[in-house]
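Peer 1: Predicted coordinates and the sequence they were generated for:
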Amino acid sequence: MTQDTNSIPNAANGPKVNVVLVQIRPAPADDVIGQCAHMRELVLKAVGEGPTDIVVLPEMWNTPTTHDQLVKYAEPIPPLGTAEAEWPEAAYTCRQLAAVAREANIWLVGASPNSRTGGGTTLRRYGRHQKYRKAHLFDLCLPKMTYRESDTFSAGNKLATFDTPFGRFGLAICYDLRFAEIAMLAARQGCVGVFYPAAFNTHTGPLHWELLQRARALDNQIYIATCSCARDETAKYVIYGHSMAVDPMGRVVASAEEKETIVRLTFDPNIIAETRAGIPLLEQRRFDLYPNIATLPM
Ligand SMILES: NC(=O)CCC(=O)C(=O)O
């Protein structure tokens with residue numbers, strides 16, 4: 001069966017998009033103000049170095065990652081559609097993100113300002129914002145590592161994309177990368193790429209981080225970009241680093257090492273067009289053969 005692709009907005013004919021991943025150092029304890037100032041410094045540096053449309057920050061970039069610290073530094077994320085003037089005083093990080101986005105004249109994906117009700121990604125420019133709360137919480141139990149985000153957060157129940165003058169983009173957070181459906185839905189809604197603010201760890205990172213990104217990109221013939229904090233070997237939870245971007249052919253087009261750094265890359269819709277023309281997955285997909293997977297027993 002040939003699937004009707006007419007309803008999918010075309011991600012393949014927009015302008016090129018200049019993206020920056022800010023692999024900031026992990027947040028020191030008790031210094032949200034200092035970490036926000038450092039974030040501003042890095043974003044302005046990036047913008048000063050070249051054309052910049054979208055800047056991405058990591059997951060948990062402004063809080064230490066232990067349960068007690070996450071609770072201690074929890075901030076509200078203002079409801080969508082509210083004017084900045086109405087934002088609660090306690091939404092300090094969101095205020096800083098909005099101010100930096102305005103000052104730098106960019107779209108800023110500034111994840112996880114410590115929401116008690118779910119790791120949130122916010123995106124803002126000129127005071128407009130989109131909000132996404134992590135849908136899949138990072139609960140796992142490996143021989144060398146246990147982590148239970150559900151002790152701290154509740155999961156979000158809504159997926160999110162955002163529209164810009166240079167195309168539509170998907171938003172997800174870290175562990176969400178393991179769930180193929182989010183990127184697939186984003187691609188089918190016409191997204192050029194999906195941004196994943198993230199904080200993978202040094203146990204799963206070496207094996208899964210790049211593989212997952214390349215799979216999500218290749219399956220959907222879109223861009224995937226992740227942004228991690230830099231590594232701190234002394235932390236209880238050691239973040240992997242290696243912020244990365246993968247193009248629609250599955251090529252790693254930009255990547256960082258472990259240290260604090262700024263990564264620049266371009267999303268090129270021509271690559272989406274070429275990939276989809278050469279390997280026409282959108283037309284070949286057989287939805288007639290795929291039942292409602294959620295109803296199948298395992
Ligand atoms: N913060 C996270 O969601 C970490 C996800 C992770 O490390 C993984 O292996 O998955």
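Peer 2: Yep, that arrived. Residues are numbered from 1 along each chain as shown.

Peer 1: C-alpha from now on. contacts and neighbour counts both.
Peer 2: Will do.

Peer 1: Skipping its backbone neighbours, what lies nearest I173 in space?
Peer 2: Of all residues not flanking I173 in the chain, Y196 sits nearest, at 4.8 Å (Cα to Cα, 6 or more residues apart in numbering).

Peer 1: my guess is the one you found meets F169, correct?
Peer 2: No - contact criterion Cα atoms under 8 Å: Y196 and F169 do not qualify, at 10.8 Å.

Peer 1: Find the residues that touch each one of those two.
Peer 2: The overlap between the contact sets of Y196 and F169 (Cα atoms under 8 Å, 6 or more residues apart in numbering) is empty.

Peer 1: So which of these two has more stuff around it?
Peer 2: Neighbours were counted for Y196 and for F169 using other Cα atoms under 10 Å; Y196 has more, 29 against 23.

Peer 1: is the more buried one in a bridge, and if so with what?
Peer 2: The bridge-partner assignment for Y196, based on DSSP bridges, gives T226.

Peer 1: how much space between it and A225?
Peer 2: With distances taken as Cα to Cα, to the nearest Å, Y196 is found 6 Å from A225.

Peer 1: Tell me, how many residues neighbour the residue in the stretch 1-150 of the chain that the ligand sits nearest to?
Peer 2: Proximity of the stretch 1-150 of the chain to the ligand (Cα to the nearest ligand atom) peaks at F138, 4.7 Å away. Counted by other Cα under 10 Å, the residues lying close to F138 total 18.

Peer 1: before we move on, what about I106?
Peer 2: 21.

Peer 1: That one - nearest residue in space that isn't next to it in sequence?
Peer 2: Of all residues not flanking I106 in the chain, D53 sits nearest, at 5.3 Å (Cα to Cα, 6+ apart).

Peer 1: For L108, pull up the helix or strand it's in.
Peer 2: Using DSSP states H and E, L108 maps to strand 107-111.

Peer 1: hmm, back to that, quick one: contacts for the residue of the stretch 1-150 of the chain closest to the ligand?
Peer 2: 147-150, 175.

Peer 1: Can you pull the phi and psi angles for it?
Peer 2: As for F138, its main-chain torsions (degrees, to the nearest 10) stand at phi -80, psi 90.

Peer 1: Quick check: R168 vs the ligand, distance?
Peer 2: R168 sits at a distance of 24 Å from the ligand (criterion: Cα to the nearest ligand atom, to the nearest Å).

Peer 1: Pretty sure that residue sits against R188.
Peer 2: No - the pair R168 / R188 is not scored as a contact, 11.1 Å apart, by Cα under 8 Å.

Peer 1: okay, these two: which has more neighbours?
Peer 2: Using other Cα under 10 Å as the criterion, R168 and R188 rank with R168 on top: 21 against 17.

Peer 1: Could I get the contacting residues of the more buried one?
Peer 2: 11, 161-162, 190-193.

Peer 1: again, only this time at 10 Å
Peer 2: 9-11, 14, 161-162, 186-187, 189-194 (Cα atoms under 10 Å, 6 or more residues apart in numbering).

Peer 1: which of those has the most neighbours?
Peer 2: G193 (30 neighbours).

Peer 1: My assumption is that that one lies in a strand; please confirm.
Peer 2: Yes - when DSSP: H, G, I helix; E, B strand; the rest coil is applied, G193 is found to be in a strand.

Peer 1: got the contact list for it?
Peer 2: For G193, the contacting residues are 11, 161, 167-171, 183, 186-187, 217, 220-225, 245-248, 267, 269, 272, by Cα under 10 Å, 6+ apart.

Peer 1: Check S150 too.
Peer 2: S150 is in contact with 67, 118, 136-139, counting by Cα under 10 Å, 6+ apart.

Peer 1: Great, nothing more from me.
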